[in-house]
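# Predicted structure and sequence below. I'll ask about it afterward.
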Amino acid sequence: MSSIKIYVPRDSAALALGADAVAAAIATQAQQRGLNIELVRNGSRGLFWLEPLVEVETPAGRVAYGPVQPEDVAGLFDAGFHAGGAHALGLGLTDNIDYLRRQERLTFARMGITDPVSLADYQAHEGYAGLRKALQLQPGEVMQQVLDSGLRGRGGAAFPAGIKWKTVAAAQAAQKYVVCNADEGDSGTFSDRMTMEGDPFMLIEGMTIAAMATGATRGYIYVRSEYPHAIATLNEAISNATAAGFLGDSVLGSGRAFHLEVRKGAGSYVCGEETAMLESIEGKRGVVRAKPPIPALKGLFGQPTVINNVITFASVPIILARGAAFYADYGVGRSKGTLPIQLAGNIKHGGLVEKAFGVTLRELMVDYGGGTASGRPIKAVQVGGPLGAYVPEAQWDLPMDYEGWAAVGATVGHGGIVVHDDTADMAKLARYAMEFCAEESCGKCTPCRIGSTRGVEVIDRITKGENRPQQVKLLRDLCDTMVNGSLCAMGGMTPFPVLSALNHYPQDFGLSNLDRKAA
Amino acid sequence: MTSKTAEAAQHTIRRVLDEKRDMPGALLPILHAIQDALGHVPPDAVADIAEALNLSRAEVHGVISYYHHFRSEPARAHVVQVCRAEACQSMGGEALWAHACGKAGNNVTLEPVYCLGLCATAPAMSIDDKPFARVGATKFDHLMAQLRAQQKEAA
């Protein structure tokens, strides 16, 4: 008798909602009923309100059930779910779930479908087609593909990846490095975590292509310590890839070496800034470096270094496999391709939505997200992490695009969207932004180190009503200094959430119309 | 610390230093390995680490104290981290934090954490690196009761 394939995700979010207990219950029930099952621990499809989302393979395709709790499992077997039988938790064919069907999953094409650490599974789903293609091309041609695809840094800075790679390739050095910034510390973002836990070979493949193109032979993935499952999965994947010859002294027999290692962060937010991250990998305090020199010329251990974020590297394999034109065909303006967007916070259908650039916030929050989880009206939405602005409703219909959004003061950042309902106190959130900056500042530059503490004090005086118009002026002045005088985005962008909260929600700061005019 | 456990700790530190001192940028991997094995980085270890890496004690101490993750004192039986970042705030994370501060119990080291990447299933927390999502006061109390029960069983 052939076995029945049942999928229970191993993604942290699924685990946090009881996926291990569900998997154990399925194994026990199957044994009691004498059923021969194969339990696969896949990544998450990214429909987090349905996790743990259990899937069963049927002749018609994979059928989904969720959210499943251990106590539901016996009933599911009674209903014959292992043959796709009907049940109250049944969601039909997974591929037909509207939320998934309407997405444009290029980078996340395999997410939740494969066993994350199975090389056979990965290759059966187009895995390593990009690297094989890259090895047939000249390094210059590989970089041209990346450049022509229009791929820009997905970590937030949106710098063209191909240009960075070319700079490293042109630099003369005995040792070059490829470093992946996986210090995904922004609240509201989890696409890096999902990639590392759910499709780690994709990241490894992207980094390997970067190494082959630029002549780097060593790579590091810097992962935050808050992501223990991602670290474990990556280590397992690296070891499998090395054993199979995808990493090591001669990548796929090409005679070219690439050695890859995971480095664990230690709870410092600012280490997500690329130069602070380099310091941390070198074993030092995560203090920001002044630029220039740029890391592409003098990076890790002073050597030329490609630094990209997880999603940037993860986008590379499909660009090589299918060609630059295929990828560049998605998107709008100078924002090419797709972005794995993360819907988070107070949202009914939170999860991962990969769409081509050009999608609007309203589509994301309402059509996909279904509004708030609390059922109350949406009051504010922060896009692009703790350093991103709160976007007012007037801008919710603006197509997502790096340039278009920057023009109105909004940041795409890493594509994290945090929704707040009408109970949110925007003055409190603005104060929190300054407080967080004070806590996490590396201390190297004064605007960030001191400005953030002064910022908390000024906001407190505003909310207490101590000479409001003057204090508002002071806050704006302080923010101006931080924006223009800080060494990195930590101090330089903390004013974005603060000022956007002040500008769009002045009533939360206790500002009357009169105060507003005076300020 | 009894002399026997001190000796065992010393042995662990030696082993970690021998294993990792030659790695490029060895300090963080060494501190992680020591903390993973001993639960903290004993202040006594600073001099040995500094010597092995040819650093000053101030440099090693500076790194340990810079990063939130490293602790110089042992934690209690369980480390509970409650997320206080924006996404969790939007779902009552601050109320959970306040509740946790009152209810965590003396077998728990309670710490704030700024994002566990569980932002679509907030509020989130972790117990000894195990993630939990959509945690309200009732679920928190239930998890703490489980920890106490585990400890009684072990005792």
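Thanks, I have the structure now.
# All the helices of chain B, in order from the start?
B:3-20, B:27-38, B:45-53, B:57-66, B:86-89, B:93-103, B:137-154 (DSSP state H).
# Tell me the helix or strand right after whatever helix or strand residue A:308 lives in.
Assessed by DSSP states H and E, residue A:308 sits inside strand A:305-309. Scanning forward in sequence from strand A:305-309 by DSSP H and E, the next helix or strand is helix A:310-322.
# Go through whichever helix or strand comes after that following helix and flag the buried ones.
Going down the chain from helix A:310-322, the next helix or strand is helix A:324-328, by DSSP H and E. By 16 or more other C-beta atoms under 10 Å in any protein chain shown, the buried positions in helix A:324-328 come out as A:324, A:327. Using the backbone N, CA and C atoms, a C-beta is placed for each residue, glycine as well.
# same thing with stretch A:299-314?
A:299-300, A:303-314.
# what sits against whichever residue of the stretch 101-250 of chain A sits closest to chain B?
Nearest residue of the stretch 101-250 of chain A to chain B, counting by C-beta to the nearest C-beta: residue A:187, 3.4 Å away. By C-beta atoms under 8 Å, 6 or more residues apart in numbering or on different chains, the residues touching residue A:187 are A:344, A:385-386, A:416, A:418, B:83, B:85-88, B:114-115, B:119.
# ok, 6 Å please
A:386, B:85-87, B:115 (C-beta atoms under 6 Å, 6 or more residues apart in numbering or on different chains).
# Also residue A:16?
B:118, B:131-133.
# The same query, at a cut-off of 8 Å, please.
Residue A:16 neighbours (C-beta under 8 Å, 6+ apart): B:118, B:121, B:124, B:131-133.
# Get me the contact residues on the stretch 151-300 of chain A for chain B.
A:184-190, A:192-193, A:225-229, A:263-269, A:280-286 (C-beta under 8 Å from any C-beta of the partner chain).
# if we go to 7 Å?
A:184-188, A:190, A:193, A:225-228, A:263-264, A:266-269, A:280-286 (C-beta under 7 Å from any C-beta of the partner chain).
# Also the stretch 1-150 of chain A?
Counting by C-beta under 7 Å from any C-beta, the stretch 1-150 of chain A sits next to chain B at A:12-13, A:15-17, A:48.
# Of the residues you listed, which pair is most distant in space?
The largest separation in those, counting by C-beta to C-beta, is between A:15 and A:48 at 11.9 Å.
# what about the two, which has more around it?
residue A:48 (30 against 26; other C-beta atoms under 10 Å in any protein chain shown).
# Need the contact partners of the helix or strand where residue A:490 lies.
Using DSSP H and E, residue A:490 falls within helix A:489-493. Residues outside helix A:489-493 that contact it (C-beta atoms under 7 Å, 6 or more residues apart in numbering or on different chains): A:270, A:273, A:387, A:437, A:440-441, A:445, A:447-448, A:451-452, A:482-483, A:486.
# Can you say which of the residues you listed are buried?
By 16+ other C-beta under 10 Å, these give A:270, A:273, A:387, A:437, A:440-441, A:445, A:447-448, A:451-452, A:482-483, A:486 as buried.
# domain parsing for chain A?
Recorded structural domains for chain A (assignment: automatic domain parsing) are A:4-101, A:119-328, A:334-421, A:426-518.
# Let's have these in CSV, adding mean pLDDT.
Shown next, in CSV, are these (pLDDT from 0 to 100):
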stretch, mean pLDDT
domain A:4-101, 98
domain A:119-328, 98
domain A:334-421, 96
domain A:426-518, 94
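# if we can go back for a sec, right, is the strand holding residue A:308 up against chain B?
No. Shown here: strand A:305-309 not in contact with chain B (C-beta under 7 Å from any C-beta), separated by at least 12.7 Å.
# Can you name the residues of chain B sitting close to chain A?
Residues of chain B lying near chain A (C-beta under 7 Å from any C-beta): B:24-28, B:32, B:62-63, B:66-70, B:85-87, B:90-91, B:113-122, B:124, B:129, B:131-133.
# Select only the buried ones of those in ChimeraX?
Buried residues among the residues of chain B next to chain A (16+ other C-beta under 10 Å), as a ChimeraX selection:
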select /B:25,26,27,28,32,63,66,67,68,69,70,85,86,87,90,91,113,114,115,116,117,118,119,120,121,122,124,131,132,133
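# so what's the residue lying closest to residue A:342 once chain neighbours are set aside up against?
Nearest residue to residue A:342, sequence neighbours excluded (C-beta to C-beta, 6 or more residues apart in numbering or on different chains): residue A:416, at 4.7 Å. Applying C-beta under 7 Å, 6+ apart, one finds that residue A:416 lies in contact with A:186, A:188-189, A:342, A:344, A:384-385.
# Next: residue A:502.
Here residue A:502 is in contact with A:430, A:509 (C-beta under 7 Å, 6+ apart).
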